[in-house]
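Q: Starting from these lines, generate the structure:
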Amino acid sequence: MSKFNSKSFNDIKINPWGFGLIFFIVGVYFMANDFKLPSFFLFEKTNEVRATIVEIKPTYGIKGRVLQLLIYEYKVEDSLYQDRVKAGFGYGYKHVGDQLLVEYSVNNPQKNEVIGQY
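A: Purely as a prediction, here's the structure:
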């Protein structure tokens, strides 16, 4: 008999606390990001464009801190797209008319991510 015992799939036990902790962390991540999936541009061609903030609404962040919800528009070819982002700590205080740098997918311009600010 070998030193290591091989277990079958039915003998493996999952710690319910570990599973619950992972589920909790994933849930908090999605709540902090307005329940949006992160934008990954893996193997996609992207471009950058300037977007203009058209509306600002107050929203709540972690521990009840009031943040800005920035609604911005950007133009790709002849189409106008609109999206929103929760302004976190690195954004500072923004005003309507300020500009953001947006990276978008060439195949699907609706898929975008704010990568900078002016």
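Q: how about the helices in the chain?
A: 16-32 (DSSP state H).
Q: Can you list the residue ranges for strands in it?
A: Listed from the start of the chain, the chain has strands (DSSP state E) covering 46-60, 66-76, 79-87, 99-105, 112-117.
Q: Return the most buried member of these.
A: When the strands of the chain are scored by mean count of other C-beta atoms under 10 Å, the highest mean neighbour count falls to strand 99-105 (a mean of 19). For glycine as for every other residue, the C-beta is placed from the backbone atoms N, C-alpha and C.
Q: How much space separates the nearest residue to residue 104 once chain neighbours are set aside from residue 83?
A: What sits nearest to residue 104 in space, not counting adjacent residues and going by C-beta to C-beta, 6 or more residues apart in numbering, is residue 112, at 4.1 Å. Here the criterion is C-beta to C-beta, to the nearest Å. By it, residue 112 lies 6 Å from residue 83.
Q: intersection of neighbour lists for these two?
A: Listed as contacting both residue 112 and residue 83 by C-beta atoms under 8 Å, 6 or more residues apart in numbering is no residue at all.
Q: Indicate which one of the strands of the chain is closest to residue 32.
A: Relative to residue 32, the nearest member of those by C-beta to C-beta is strand 79-87, separated by 8.2 Å.
Q: could you give the angle of that closest one to strand 112-117?
A: 60 degrees (axes from the mean of the first three to the mean of the last three C-alpha atoms, to 10 degrees).
Q: Give me the sheet partners of strand 79-87 and which way each runs.
A: Here strand 79-87 has these sheet partners by DSSP bridges: strand 66-76 (antiparallel).
Q: Need the residues that contact the strand it pairs with.
A: 47, 49-61, 80-88, 91, 93-94, 100, 102, 104, 109, 112, 114.
Q: what's the angle from it to strand 99-105?
A: Our comparison of strand 66-76 with strand 99-105, counting by the same axes, to 10 degrees, yields an angle of 60 degrees.
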